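Student: sequence first, then the predicted structure:
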Amino acid sequence: MEHRERPSIAPDEVLVRVEAVGICGSDVHYYREGRIGGYVVEDPLVLGHESSGVVVAVGSNVKTRRIGERVAVEPGVSCGRCEQCRKGRYNLCPDVIFFATPPVDGALQKYVAIRADFSFLIPDTMTFEQAALTEPLAVALWACRKAGVTVGSKVLVTGSGPIGLLTLQTALAFGAASVTITDVDPVKLELAARFGAALTIDARALAGLPNRLDVDVHIECSGNASAAKDGIGHLDRAGTCVLVGMGGGAPLGITVADIQERELSITGTFRYANCYPDAIQLIASGQVRVEELITARMGLSETESALQHPSLPGALKAIVFPQQ
């Protein structure tokens, strides 16, 4: 724990009193391994990028009526000037400043400064912990958009962690006819069934199923290259695979012929763009239930325990309350 002064704010920023922070798998990777791919922790780093809170001060270019707003904080501020930003792909901005990505400090502190247009008003009916989970829901929402999930789609989700379970619910909200989901944890599969999965499968059995599932969409959320390969094998002709889980440098192990003969589309996702308003609406309307993913609630001084929580059996999402 470290005492700091409140962050100063630029003219286009707001100061947010942080009320809730979700612990993400990336936080755990930085805590355990000190890196994710090319992002390496070389200096002390404040973790946490799934956050919500209350606007307590505004910069000179921001309307004062925003003071007191309850907000969900989108943690990646793009430059707004580069080619990717101009084309609407601000998640691919090479100069993005993203919470808890070295060397940028994250939200596991009492106050954060953020550009005003990256703080989104939440309804009074939404709790701060629900609002903090707008961020992982935005990941799921972006994946379903990239996959083209629509009314009648048959979807396979591999991985029943928080992102997989949110993707399951989002696909159903988009009108998917059915969602099949895999994992090796029976507790998570049971929760997936309660969320509406038509079929739950032990991930170790997916490759050995006697018949192909012939799904329209495969969304890979586990980060396991074998799960990606097995799921692609169950795509119908002209199917789409979206890789969401952080798989590192592991090869997929599929051939050009595998892709060509069925005209498959395989793409990745990197965070999200223009998803927060819709994600907030999905939570507020009850179409996506995020609170059932929360398996631990802790104060700021218990952050290390929160980072260790995901390794416990059946654990999903820990929430840290920085004001406690």
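Tutor: That came in fine, so what should we check first? Numbers count the residues shown, from 1 in each chain.

Student: does Asp214 touch Asp236 like I think?
Tutor: Yes: Asp214 is within contact range of Asp236, at 4.1 Å (criterion: CB atoms under 8 Å). In short, each C-beta sits where N, CA and C put it, glycine included.

Student: neighbour count winner among these two?
Tutor: Using other CB atoms under 10 Å, the more surrounded residue of Asp214 and Asp236 is Asp236, with 16 against 12.

Student: the top helix by length along the chain: which residues count as buried?
Tutor: Scanning the chain for the helix with the most residues, using DSSP state H, yields helix 134-147. Neighbour counts over helix 134-147 (16 or more other CB atoms under 10 Å) mark 134-147 as buried.

Student: I'd assumed Ser26 was in contact with Leu307.
Tutor: No: the pair Leu307 / Ser26 is not scored as a contact, 11.1 Å apart, by CB under 8 Å.

Student: His218 and Val149: what is the separation?
Tutor: 11 Å (CB to CB, to the nearest Å).

Student: any common contacting residues for the two?
Tutor: Val155 (CB atoms under 8 Å, 6 or more residues apart in numbering).

Student: list the contacts of the residue nearest to the spatial centre of the chain.
Tutor: In the chain, the C-alpha nearest the mean C-alpha coordinate belongs to Pro136, at 2.5 Å (CA atoms, centre = their mean). In this structure, Pro136 makes contact with Gly22, Cys24, Glu50, Pro162, Ile163, Leu166, Lys317, judged by CB under 8 Å, 6+ apart.

Student: what's the local residue count around the fourth one?
Tutor: Each residue near Pro162 was counted by other CB under 10 Å, and the total is 27.

Student: state the distance from it to Val187.
Tutor: Distance from Pro162 to Val187, by CB to CB: 13 Å.

Student: go on, Leu156?
Tutor: 20 Å.

Student: the more surrounded of these two?
Tutor: The neighbour comparison of Leu156 against Val187 (other CB under 10 Å) goes to Leu156, with 28 against 14.

Student: pLDDT score for that one?
Tutor: If you check Leu156, the pLDDT there is 98.

Student: same thing with Gly239?
Tutor: Reported pLDDT for Gly239: 98.

Student: which strands or helices does the helix or strand that the longest helix of the chain is followed by pack on?
Tutor: Next helix or strand after helix 134-147 toward the C-terminus (DSSP states H and E): strand 154-158. When contacts are defined as 3 or more CB pairs under 8 Å, 6 or more residues apart in numbering; DSSP states H and E, strand 154-158 packs onto helix 162-173, strand 178-183, strand 215-220, helix 225-232.

Student: chain center to the longest one: distance?
Tutor: Per CA atoms, centre = their mean, to the nearest Å, the displacement of helix 162-173 from the mean C-alpha position of its chain is 11 Å.

Student: what angle separates that helix from strand 178-183?
Tutor: If you take axes from the mean of the first three to the mean of the last three CA atoms, to 10 degrees, helix 162-173 sits at 170 degrees to strand 178-183.

Student: list the helices and strands helix 162-173 packs on?
Tutor: Applying 3+ CB pairs under 8 Å, 6+ apart, we find helix 162-173 packed against helix 134-147, strand 154-158, strand 178-183, helix 186-194, strand 215-220.

Student: please compute how far stretch 124-139 lies from its chain's middle.
Tutor: Centroid separation for stretch 124-139 versus its chain: 11 Å, with CA atoms, centre = their mean.

Student: what about it, average pLDDT?
Tutor: Rounded mean pLDDT across stretch 124-139 is 98.

Student: kindly report the same for stretch 15-28.
Tutor: Averaging pLDDT along stretch 15-28 gives 97.

Student: quick one: contacts of stretch 283-301?
Tutor: By CB under 8 Å, 6+ apart, stretch 283-301 touches 1, 108-110, 122-123, 125-127, 129-131, 133-134, 137, 162, 165-166, 169-170, 173, 191, 194-195, 279, 282, 305-306, 309, 314-324.
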